[in-house]
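Undergrad: with the input below, show me the fold.
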Amino acid sequence: MYKLTDEGKKYLEQGLPEKRLADALAKGPISMAEAQKMEDFSVAMQWAKRNGWIEIRDGRLRLAMKPGKLELQDALASVAKTGEAGAFNLQMLLSRNLAEEEREDLVKKARQYLGREIANIPPELIKTGLWREAKLKKYNVAVAGKKIYPGKKHHYAAFLDHVKQKLAFLGFEEMRGPIVETEFWNMDALFMPQHGWEYQYDVQRAHRHILRTQGTVLSAKTLASRPRIPGKYFSVARCFRHDVIDATHLADFFQVEGIILDEGLNLRHLIGMLRMFGKEFANAEQIKVTPSYFPFTEPSASLYAKHPDMGWIELGGAGMFRQEMLEPLGINVPVVAWGLGIDRIGMFNMGIKDIRDLFSTDLNYLRSMEVTY
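TA: Model (predicted):
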(Lines give C-alpha, C1' and ligand atoms only; values in the text may rest on other atoms or scores of the structure.)
Protein backbone atom coordinates (compact mmCIF):
# COMPACT_ATOMS: atom_id res chain seq x y z
CA MET A 1 0.00 0.00 0.00
CA TYR A 2 1.13 3.54 -0.77
CA LYS A 3 0.28 7.03 0.37
CA LEU A 4 0.89 10.53 -0.95
CA THR A 5 3.71 12.64 0.41
CA ASP A 6 3.02 16.22 1.45
CA GLU A 7 4.17 17.34 -1.99
CA GLY A 8 1.90 14.77 -3.62
CA LYS A 9 -1.07 16.00 -1.61
CA LYS A 10 -0.31 19.56 -2.67
CA TYR A 11 -0.23 18.61 -6.37
CA LEU A 12 -3.43 16.59 -5.97
CA GLU A 13 -5.16 19.72 -4.77
CA GLN A 14 -3.51 22.36 -7.00
CA GLY A 15 -2.60 20.25 -10.04
CA LEU A 16 0.81 19.20 -11.27
CA PRO A 17 3.15 22.22 -11.68
CA GLU A 18 3.92 21.41 -15.34
CA LYS A 19 0.18 21.42 -16.13
CA ARG A 20 -0.29 24.73 -14.31
CA LEU A 21 2.57 26.24 -16.35
CA ALA A 22 1.11 24.95 -19.61
CA ASP A 23 -2.32 26.35 -18.71
CA ALA A 24 -0.76 29.77 -18.05
CA LEU A 25 1.07 29.71 -21.40
CA ALA A 26 -2.14 28.75 -23.19
CA LYS A 27 -3.22 32.37 -22.59
CA GLY A 28 -0.10 33.71 -24.30
CA PRO A 29 3.72 33.83 -24.03
CA ILE A 30 5.26 34.82 -20.69
CA SER A 31 8.63 36.43 -20.07
CA MET A 32 11.16 34.34 -18.18
CA ALA A 33 11.29 36.89 -15.39
CA GLU A 34 7.51 36.67 -14.94
CA ALA A 35 7.45 32.88 -15.19
CA GLN A 36 10.11 32.50 -12.49
CA LYS A 37 7.75 34.13 -10.00
CA MET A 38 5.35 31.19 -10.35
CA GLU A 39 5.18 28.64 -7.53
CA ASP A 40 7.17 25.42 -8.21
CA PHE A 41 8.59 27.00 -11.37
CA SER A 42 11.79 24.89 -11.55
CA VAL A 43 9.81 21.64 -11.25
CA ALA A 44 7.23 22.84 -13.76
CA MET A 45 9.93 23.89 -16.23
CA GLN A 46 11.75 20.56 -15.95
CA TRP A 47 8.75 18.35 -16.66
CA ALA A 48 7.06 20.62 -19.18
CA LYS A 49 10.25 20.66 -21.29
CA ARG A 50 10.64 16.89 -20.95
CA ASN A 51 7.06 16.44 -22.18
CA GLY A 52 7.69 18.77 -25.11
CA TRP A 53 4.93 21.17 -24.08
CA ILE A 54 6.95 24.41 -24.00
CA GLU A 55 9.69 26.22 -25.88
CA ILE A 56 11.82 29.31 -25.27
CA ARG A 57 11.93 31.84 -28.07
CA ASP A 58 13.09 35.46 -27.93
CA GLY A 59 13.52 35.19 -24.18
CA ARG A 60 9.86 34.23 -23.64
CA LEU A 61 8.20 30.97 -22.72
CA ARG A 62 5.68 29.76 -25.28
CA LEU A 63 3.33 26.80 -25.48
CA ALA A 64 4.66 24.31 -28.04
CA MET A 65 2.02 21.61 -27.57
CA LYS A 66 -1.20 21.52 -25.60
CA PRO A 67 -1.16 18.79 -22.91
CA GLY A 68 -3.63 15.96 -23.21
CA LYS A 69 -5.20 13.97 -20.39
CA LEU A 70 -2.72 13.61 -17.53
CA GLU A 71 -2.65 10.04 -16.22
CA LEU A 72 -0.23 11.07 -13.50
CA GLN A 73 -2.83 13.45 -12.04
CA ASP A 74 -5.34 10.58 -11.97
CA ALA A 75 -2.68 8.39 -10.32
CA LEU A 76 -2.38 10.92 -7.50
CA ALA A 77 -6.10 10.65 -6.89
CA SER A 78 -5.98 6.85 -7.08
CA VAL A 79 -3.21 6.58 -4.48
CA ALA A 80 -5.04 8.98 -2.20
CA LYS A 81 -8.25 6.95 -2.44
CA THR A 82 -7.13 3.31 -2.68
CA GLY A 83 -3.41 3.30 -1.89
CA GLU A 84 -2.63 1.89 -5.34
CA ALA A 85 -2.11 2.99 -8.95
CA GLY A 86 -0.93 1.56 -12.25
CA ALA A 87 2.62 0.20 -12.12
CA PHE A 88 4.14 2.76 -14.52
CA ASN A 89 2.44 5.78 -12.97
CA LEU A 90 3.14 4.53 -9.46
CA GLN A 91 6.84 4.24 -10.27
CA MET A 92 6.76 7.78 -11.65
CA LEU A 93 5.12 9.07 -8.45
CA LEU A 94 7.74 7.30 -6.34
CA SER A 95 10.62 8.66 -8.44
CA ARG A 96 9.24 12.21 -8.08
CA ASN A 97 8.78 11.71 -4.33
CA LEU A 98 5.04 12.30 -4.66
CA ALA A 99 4.16 8.93 -3.10
CA GLU A 100 5.75 6.52 -0.62
CA GLU A 101 5.07 3.12 0.89
CA GLU A 102 3.02 2.99 4.04
CA ARG A 103 5.30 2.76 7.07
CA GLU A 104 3.38 -0.19 8.52
CA ASP A 105 3.80 -2.18 5.30
CA LEU A 106 7.52 -1.41 5.18
CA VAL A 107 8.04 -2.56 8.74
CA LYS A 108 6.07 -5.74 8.07
CA LYS A 109 8.19 -6.50 5.01
CA ALA A 110 11.40 -5.72 6.86
CA ARG A 111 10.60 -7.94 9.86
CA GLN A 112 10.41 -11.06 7.69
CA TYR A 113 14.20 -10.85 7.31
CA LEU A 114 14.90 -10.75 11.03
CA GLY A 115 15.88 -13.91 12.89
CA ARG A 116 17.74 -15.47 9.94
CA GLU A 117 21.10 -14.87 8.32
CA ILE A 118 20.96 -12.77 5.16
CA ALA A 119 23.64 -12.04 2.57
CA ASN A 120 22.04 -9.03 0.86
CA ILE A 121 20.30 -6.17 2.66
CA PRO A 122 16.88 -5.48 1.07
CA PRO A 123 15.68 -1.86 0.79
CA GLU A 124 12.95 -2.43 3.42
CA LEU A 125 15.58 -3.02 6.11
CA ILE A 126 17.47 0.12 5.12
CA LYS A 127 14.40 2.37 4.95
CA THR A 128 13.10 1.26 8.36
CA GLY A 129 16.50 1.11 10.05
CA LEU A 130 15.85 -2.52 11.07
CA TRP A 131 19.07 -3.59 9.35
CA ARG A 132 20.71 -2.89 12.72
CA GLU A 133 18.78 -5.84 14.17
CA ALA A 134 19.39 -8.19 11.24
CA LYS A 135 21.89 -11.05 11.32
CA LEU A 136 24.22 -10.37 8.41
CA LYS A 137 26.27 -13.07 6.77
CA LYS A 138 29.99 -12.60 7.31
CA TYR A 139 31.95 -11.56 4.24
CA ASN A 140 35.34 -13.14 3.62
CA VAL A 141 37.41 -10.55 1.77
CA ALA A 142 40.12 -13.14 1.07
CA VAL A 143 37.86 -15.22 -1.19
CA ALA A 144 38.01 -14.37 -4.90
CA GLY A 145 34.74 -13.18 -6.33
CA LYS A 146 33.12 -14.20 -9.56
CA LYS A 147 35.43 -13.47 -12.48
CA ILE A 148 34.08 -10.94 -14.95
CA TYR A 149 35.08 -10.94 -18.61
CA PRO A 150 34.51 -7.52 -20.17
CA GLY A 151 34.24 -7.16 -23.93
CA LYS A 152 37.51 -6.73 -25.84
CA LYS A 153 38.82 -6.85 -29.36
CA HIS A 154 39.98 -10.23 -30.71
CA HIS A 155 43.71 -10.57 -29.99
CA TYR A 156 44.67 -11.15 -33.62
CA ALA A 157 42.37 -8.43 -34.98
CA ALA A 158 44.01 -6.04 -32.51
CA PHE A 159 47.46 -7.08 -33.77
CA LEU A 160 46.49 -6.52 -37.43
CA ASP A 161 45.14 -3.06 -36.57
CA HIS A 162 48.42 -2.34 -34.80
CA VAL A 163 50.42 -3.32 -37.89
CA LYS A 164 48.27 -1.12 -40.12
CA GLN A 165 48.60 1.83 -37.75
CA LYS A 166 52.36 1.45 -37.47
CA LEU A 167 52.84 1.32 -41.25
CA ALA A 168 50.59 4.34 -41.67
CA PHE A 169 52.75 6.23 -39.12
CA LEU A 170 55.79 5.32 -41.25
CA GLY A 171 54.19 7.11 -44.19
CA PHE A 172 52.77 4.13 -46.09
CA GLU A 173 49.42 4.42 -47.88
CA GLU A 174 47.05 1.45 -47.66
CA MET A 175 46.19 -0.51 -50.82
CA ARG A 176 42.74 -2.08 -51.02
CA GLY A 177 41.11 -4.51 -53.43
CA PRO A 178 38.56 -7.34 -53.72
CA ILE A 179 39.21 -10.87 -52.50
CA VAL A 180 38.02 -12.25 -55.86
CA GLU A 181 40.39 -11.29 -58.68
CA THR A 182 40.98 -12.23 -62.31
CA GLU A 183 43.84 -14.55 -63.17
CA PHE A 184 45.31 -11.68 -65.19
CA TRP A 185 46.03 -9.54 -62.13
CA ASN A 186 46.75 -12.48 -59.83
CA MET A 187 49.15 -14.20 -62.26
CA ASP A 188 49.80 -12.64 -65.69
CA ALA A 189 50.52 -9.09 -64.50
CA LEU A 190 53.09 -10.55 -62.10
CA PHE A 191 55.03 -12.25 -64.89
CA MET A 192 53.79 -15.66 -63.76
CA PRO A 193 52.92 -18.31 -66.40
CA GLN A 194 49.36 -19.54 -66.67
CA HIS A 195 50.34 -23.22 -66.69
CA GLY A 196 54.06 -23.56 -67.65
CA TRP A 197 56.80 -22.07 -69.79
CA GLU A 198 56.51 -22.03 -73.62
CA TYR A 199 52.73 -22.28 -73.42
CA GLN A 200 50.04 -20.83 -75.69
CA TYR A 201 48.57 -17.77 -73.93
CA ASP A 202 44.85 -18.21 -73.20
CA VAL A 203 42.91 -14.90 -73.04
CA GLN A 204 39.81 -16.58 -71.63
CA ARG A 205 41.84 -18.10 -68.80
CA ALA A 206 43.22 -14.64 -67.99
CA HIS A 207 39.62 -13.43 -67.46
CA ARG A 208 38.75 -16.28 -65.09
CA HIS A 209 37.85 -15.22 -61.52
CA ILE A 210 39.68 -16.80 -58.58
CA LEU A 211 40.24 -16.14 -54.89
CA ARG A 212 43.47 -14.17 -54.78
CA THR A 213 46.45 -16.28 -53.77
CA GLN A 214 48.77 -13.42 -52.79
CA GLY A 215 48.66 -9.80 -51.70
CA THR A 216 51.06 -8.92 -54.54
CA VAL A 217 48.06 -8.57 -56.83
CA LEU A 218 47.33 -5.28 -55.03
CA SER A 219 50.86 -4.06 -55.71
CA ALA A 220 50.46 -4.79 -59.42
CA LYS A 221 47.15 -2.91 -59.61
CA THR A 222 48.61 0.00 -57.65
CA LEU A 223 51.62 0.23 -59.97
CA ALA A 224 49.27 0.25 -62.96
CA SER A 225 47.25 3.16 -61.51
CA ARG A 226 50.04 5.77 -61.79
CA PRO A 227 51.23 5.85 -58.17
CA ARG A 228 53.23 8.71 -56.70
CA ILE A 229 57.00 8.52 -57.15
CA PRO A 230 58.58 8.43 -54.64
CA GLY A 231 55.85 6.47 -52.92
CA LYS A 232 55.25 3.85 -50.21
CA TYR A 233 52.24 1.51 -50.17
CA PHE A 234 51.07 -1.43 -48.04
CA SER A 235 48.14 -3.78 -47.54
CA VAL A 236 47.04 -6.42 -45.08
CA ALA A 237 45.41 -8.79 -47.54
CA ARG A 238 43.39 -11.93 -46.96
CA CYS A 239 44.62 -14.67 -49.31
CA PHE A 240 43.70 -18.25 -50.18
CA ARG A 241 45.79 -21.23 -51.28
CA HIS A 242 45.32 -24.97 -51.63
CA ASP A 243 47.68 -25.92 -48.80
CA VAL A 244 48.10 -28.59 -46.15
CA ILE A 245 46.99 -27.17 -42.82
CA ASP A 246 49.44 -27.56 -39.94
CA ALA A 247 51.00 -25.48 -37.15
CA THR A 248 52.43 -22.94 -39.63
CA HIS A 249 50.14 -23.25 -42.68
CA LEU A 250 46.53 -22.30 -43.38
CA ALA A 251 44.45 -22.36 -46.54
CA ASP A 252 42.97 -18.98 -45.56
CA PHE A 253 45.56 -16.53 -44.30
CA PHE A 254 46.72 -12.89 -44.23
CA GLN A 255 49.71 -11.30 -45.93
CA VAL A 256 51.27 -7.93 -45.26
CA GLU A 257 52.22 -6.63 -48.68
CA GLY A 258 54.32 -3.58 -49.38
CA ILE A 259 56.16 -1.68 -52.12
CA ILE A 260 58.45 1.35 -52.21
CA LEU A 261 59.10 3.25 -55.44
CA ASP A 262 62.02 5.63 -55.81
CA GLU A 263 65.17 6.37 -57.73
CA GLY A 264 68.28 4.56 -56.52
CA LEU A 265 66.61 1.78 -54.52
CA ASN A 266 68.48 -1.51 -54.33
CA LEU A 267 68.64 -4.81 -52.47
CA ARG A 268 70.30 -3.29 -49.41
CA HIS A 269 67.25 -1.09 -48.85
CA LEU A 270 65.02 -4.17 -49.08
CA ILE A 271 67.08 -6.18 -46.60
CA GLY A 272 66.88 -3.29 -44.15
CA MET A 273 63.09 -3.26 -44.45
CA LEU A 274 62.89 -7.03 -43.88
CA ARG A 275 65.05 -6.84 -40.77
CA MET A 276 62.84 -4.04 -39.47
CA PHE A 277 59.77 -6.24 -39.92
CA GLY A 278 61.36 -9.12 -38.06
CA LYS A 279 62.33 -6.95 -35.08
CA GLU A 280 59.46 -4.44 -34.90
CA PHE A 281 56.52 -6.73 -35.66
CA ALA A 282 57.64 -10.28 -34.82
CA ASN A 283 59.83 -9.26 -31.85
CA ALA A 284 62.26 -11.93 -33.09
CA GLU A 285 65.77 -11.95 -31.65
CA GLN A 286 67.34 -14.01 -34.45
CA ILE A 287 66.66 -13.05 -38.09
CA LYS A 288 68.18 -14.10 -41.38
CA VAL A 289 67.62 -13.14 -45.01
CA THR A 290 68.43 -15.78 -47.64
CA PRO A 291 68.47 -15.82 -51.47
CA SER A 292 65.24 -17.09 -53.01
CA TYR A 293 63.24 -17.19 -56.25
CA PHE A 294 59.97 -15.59 -57.32
CA PRO A 295 58.86 -15.10 -60.95
CA PHE A 296 58.24 -11.37 -60.54
CA THR A 297 61.37 -10.31 -58.55
CA GLU A 298 65.08 -10.40 -59.32
CA PRO A 299 67.02 -10.56 -57.09
CA SER A 300 64.70 -12.30 -54.64
CA ALA A 301 65.00 -13.02 -50.91
CA SER A 302 63.19 -14.80 -48.08
CA LEU A 303 62.92 -13.67 -44.47
CA TYR A 304 63.34 -16.19 -41.63
CA ALA A 305 63.03 -15.76 -37.89
CA LYS A 306 63.82 -18.21 -35.09
CA HIS A 307 60.86 -19.11 -32.90
CA PRO A 308 61.88 -19.98 -29.32
CA ASP A 309 59.94 -23.27 -29.46
CA MET A 310 59.53 -24.08 -33.17
CA GLY A 311 62.91 -23.13 -34.59
CA TRP A 312 63.46 -21.26 -37.86
CA ILE A 313 60.24 -20.27 -39.63
CA GLU A 314 59.91 -18.57 -43.01
CA LEU A 315 58.00 -15.30 -42.65
CA GLY A 316 57.72 -14.51 -46.36
CA GLY A 317 59.36 -13.47 -49.58
CA ALA A 318 60.62 -10.24 -51.09
CA GLY A 319 62.72 -8.81 -53.88
CA MET A 320 63.19 -6.13 -56.53
CA PHE A 321 60.36 -6.19 -59.07
CA ARG A 322 61.60 -7.33 -62.49
CA GLN A 323 61.88 -4.76 -65.25
CA GLU A 324 59.80 -7.06 -67.50
CA MET A 325 56.95 -6.68 -64.99
CA LEU A 326 57.33 -2.95 -64.33
CA GLU A 327 57.60 -1.60 -67.89
CA PRO A 328 54.17 -2.89 -69.06
CA LEU A 329 52.67 -1.15 -66.00
CA GLY A 330 54.35 2.16 -66.88
CA ILE A 331 56.92 2.20 -64.04
CA ASN A 332 60.51 3.20 -64.82
CA VAL A 333 62.05 3.40 -61.31
CA PRO A 334 63.25 0.58 -59.00
CA VAL A 335 60.57 -0.98 -56.79
CA VAL A 336 61.31 -3.01 -53.68
CA ALA A 337 58.49 -5.37 -52.70
CA TRP A 338 57.65 -7.85 -49.99
CA GLY A 339 54.82 -10.19 -49.13
CA LEU A 340 55.11 -11.59 -45.61
CA GLY A 341 52.91 -14.01 -43.70
CA ILE A 342 51.56 -11.67 -41.06
CA ASP A 343 49.90 -14.68 -39.38
CA ARG A 344 53.32 -16.17 -38.63
CA ILE A 345 54.62 -12.79 -37.49
CA GLY A 346 51.63 -12.64 -35.15
CA MET A 347 52.60 -16.06 -33.75
CA PHE A 348 55.99 -14.67 -32.77
CA ASN A 349 54.53 -11.49 -31.36
CA MET A 350 51.98 -13.26 -29.17
CA GLY A 351 54.01 -16.33 -28.25
CA ILE A 352 51.65 -18.71 -30.07
CA LYS A 353 52.87 -22.15 -31.19
CA ASP A 354 50.02 -23.03 -33.57
CA ILE A 355 48.85 -20.67 -36.31
CA ARG A 356 45.30 -21.98 -35.93
CA ASP A 357 45.10 -20.41 -32.47
CA LEU A 358 45.08 -16.98 -34.15
CA PHE A 359 41.57 -17.76 -35.42
CA SER A 360 40.31 -19.79 -32.46
CA THR A 361 36.65 -19.55 -31.49
CA ASP A 362 37.19 -21.24 -28.11
CA LEU A 363 35.72 -18.78 -25.60
CA ASN A 364 37.94 -19.84 -22.70
CA TYR A 365 41.04 -19.49 -24.87
CA LEU A 366 39.96 -16.05 -26.14
CA ARG A 367 39.34 -14.88 -22.58
CA SER A 368 42.86 -15.95 -21.60
CA MET A 369 44.55 -14.04 -24.43
CA GLU A 370 45.94 -10.67 -23.43
CA VAL A 371 45.24 -7.77 -25.82
CA THR A 372 48.07 -5.27 -25.52
CA TYR A 373 47.26 -2.95 -28.43
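
Undergrad: worst-scoring helix or strand of this protein, pLDDT-wise?
TA: Here the helix or strand of the chain ranked lowest by mean pLDDT, DSSP states H and E is helix 103-111, holding a mean of 77.

Undergrad: other SSEs contacting that helix?
TA: Judged by 3 or more C-beta pairs under 8 Å, 6 or more residues apart in numbering; DSSP states H and E, helix 103-111 is in contact with helix 123-128. The way it works is simple: take the backbone N, C-alpha and C, and place the C-beta from them, glycine included.

Undergrad: helices or strands next to the helix it packs on in the packing?
TA: Using 3+ C-beta pairs under 8 Å, 6+ apart: helix 123-128 touches helix 103-111.

Undergrad: which residues in the stretch 1-150 of the chain form strands?
TA: Listed in chain order, the strands of the stretch 1-150 of the chain (DSSP state E, counting those that start in this stretch) span 2-4, 30-31, 54-57, 60-63, 99-101, 117-118, 135-136.

Undergrad: winner for burial among these?
TA: Among the strands of the stretch 1-150 of the chain, the stretch with the highest mean neighbour count (mean count of other C-beta atoms under 10 Å) is strand 99-101, at a mean of 20.

Undergrad: need the strands of the stretch 1-150 of the chain in JSON lines (columns: mean pLDDT and distance to residue 280).
TA: What follows is those, written out as JSON lines (pLDDT from 0 to 100; distance: least, C-beta to C-beta, whole Å):
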{"stretch": "strand 2-4", "mean pLDDT": "84", "distance to residue 280": "67"}
{"stretch": "strand 30-31", "mean pLDDT": "90", "distance to residue 280": "67"}
{"stretch": "strand 54-57", "mean pLDDT": "89", "distance to residue 280": "58"}
{"stretch": "strand 60-63", "mean pLDDT": "91", "distance to residue 280": "63"}
{"stretch": "strand 99-101", "mean pLDDT": "84", "distance to residue 280": "65"}
{"stretch": "strand 117-118", "mean pLDDT": "88", "distance to residue 280": "57"}
{"stretch": "strand 135-136", "mean pLDDT": "88", "distance to residue 280": "56"}
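
Undergrad: on that earlier part again, quick one: contacts of the least confident helix or strand of the chain?
TA: By C-beta atoms under 8 Å, 6 or more residues apart in numbering, the residues outside helix 103-111 that reach it are 1, 122, 124, 125, 127, 128, 130.

Undergrad: repeat for stretch 344-353
TA: 155-156, 159-160, 163, 247-248, 256, 277, 281-284, 305, 307, 309-310, 313-316, 354-355, 358, 369.

Undergrad: go through those and flag which are in helices.
TA: 155, 156, 159, 160, 163, 277 (DSSP state H).

Undergrad: domain assignment for this protein?
TA: 2-102, 106-136, 155-368 (automatic domain parsing).
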